[in-house]
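**Student:** Have a look at this prediction, sequence included:
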Amino acid sequence: MKNYFLTLFLFISVSISAQDQITWNQVGVVVNDGYASDLVETMDEFYGSIDMPEGASVSLLAVYHSGIGHEPTHYINYAGTVDGLVALRQLRGGSEYESYVNEFSKYGKTISNTHGKTFIRFNTDDSEDPMGQIWQWRVEDQAAFVNAFNELTKTFKPDGYMSLGGMFGGIGSEGESHYIYVTHDDYQQMLEWGPKTNEELAAFEKFIKTTDSFSDFKGTYSVWNVKTWN
């Protein structure tokens, strides 16, 4: 993946409010049919009983829309600062955590584990909206991709939270390396999201045409937040 790691640190350093960027670790889960509520209860018994470290949160996300071959039914998302996630990882151990894992395994299984970081974030006050959409690409030229995204946002101003980020560990089977993530207040807002003027439509078309030459679009899926512990 040429230029990927060569430009990684450049864009972390020049991103808007780099100190406010989010590091995340996302675990894909397949929940057994009819046991989603048991999984939530099991997670709540553990994560609701520990003192969550500052700068860390845990969310259970249910997959709402997905394409053919998208296997996870849910995602467990650990997000926050590096220090916060490290402190949280240290709490995920010992006899109580082992009991949690054993109970968890009755209701579902993990099938993927990825981690990454945001580069650019907009409207951070809306980041806890209940619904989200994720678009994924395999990017060959990260610098050009970020530049194209910056050009898009000069014209298109999202109503809710929007971020651009990269995946640096556990990259998907299709080679997904970058994503755009947006959130919505509700289902209606999700359906209405997108370009609303001719200028915004032209900006979207330019972004797609520009990035086609150095990236492959790998699909999209949407999620809704079942519960967050923070």
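**Tutor:** Now that the structure is in, tell me what you want to look at.

**Student:** Now stretch 183-198: buried residues?
**Tutor:** 183-184, 190, 193 (16 or more other Cβ atoms under 10 Å). Yep, even glycine has a C-beta here, placed from its N, CA and C like the rest.

**Student:** from the middle of its chain, how far away would stretch 58-65 be?
**Tutor:** Relative to its parent chain, stretch 58-65 has a centroid offset of 10 Å by Cα atoms, centre = their mean, to the nearest Å.

**Student:** what does that stretch contact?
**Tutor:** 36, 39-40, 43, 47, 52, 70, 72-79, 88, 131-132, 220-230 (Cβ atoms under 8 Å, 6 or more residues apart in numbering).

**Student:** quick one: the most centrally placed residue in the chain from Lys209, how far?
**Tutor:** If you average the C-alpha coordinates of the chain and look for the closest C-alpha using Cα atoms, centre = their mean, you land on Tyr181, 6.3 Å from that point. When distances are taken as Cβ to Cβ, to the nearest Å, Tyr181 and Lys209 turn out to be 22 Å apart.

**Student:** just Glu98 next, same as before
**Tutor:** Distance from Glu98 to Lys209, counting by Cβ to Cβ: 52 Å.

**Student:** Check Asn102 too.
**Tutor:** Counting by Cβ to Cβ, the separation of Asn102 from Lys209 is 51 Å.

**Student:** Check Glu71 too.
**Tutor:** Between Glu71 and Lys209 the computed distance is 31 Å (Cβ to Cβ).

**Student:** Then Ser163?
**Tutor:** 23 Å.

**Student:** Between these two, which is the more surrounded one?
**Tutor:** Relative neighbour count places Ser163 above the other of Ser163 and Lys209, with 21 against 10, counting by other Cβ atoms under 10 Å.

**Student:** Parallel or antiparallel, list what pairs with the one helix or strand that one maps to.
**Tutor:** Secondary-structure assignment from DSSP states H and E places Ser163 in strand 162-169. Within its sheet, and counting by DSSP bridges, strand 162-169 is paired with strand 108-122 (antiparallel), strand 178-184 (antiparallel).

**Student:** Just say helix, strand or coil for the residue lying farthest from the centre of the chain.
**Tutor:** Ranked by distance from the centre of the chain (Cα atoms, centre = their mean), the top residue is Ser95, with 29.8 Å. Per DSSP: H, G, I helix; E, B strand; the rest coil, the secondary structure class of Ser95 is helix.

**Student:** go on, the one 3 residues further on?
**Tutor:** When the structure is reduced to helix, strand and coil (three-state DSSP), Glu98 reads as helix.

**Student:** burial measure for it, as a count.
**Tutor:** Here the count is done by other Cβ under 10 Å, and Glu98 has 11 residues near it.

**Student:** Which SSE is immediately downstream of the lowest-mean-pLDDT helix or strand in the chain?
**Tutor:** Ranked by mean pLDDT, DSSP states H and E, the weakest helix or strand in the chain is helix 4-14, scoring a mean of 38. Using DSSP H and E, the helix or strand that follows helix 4-14 towards the C-terminus is strand 23-31.
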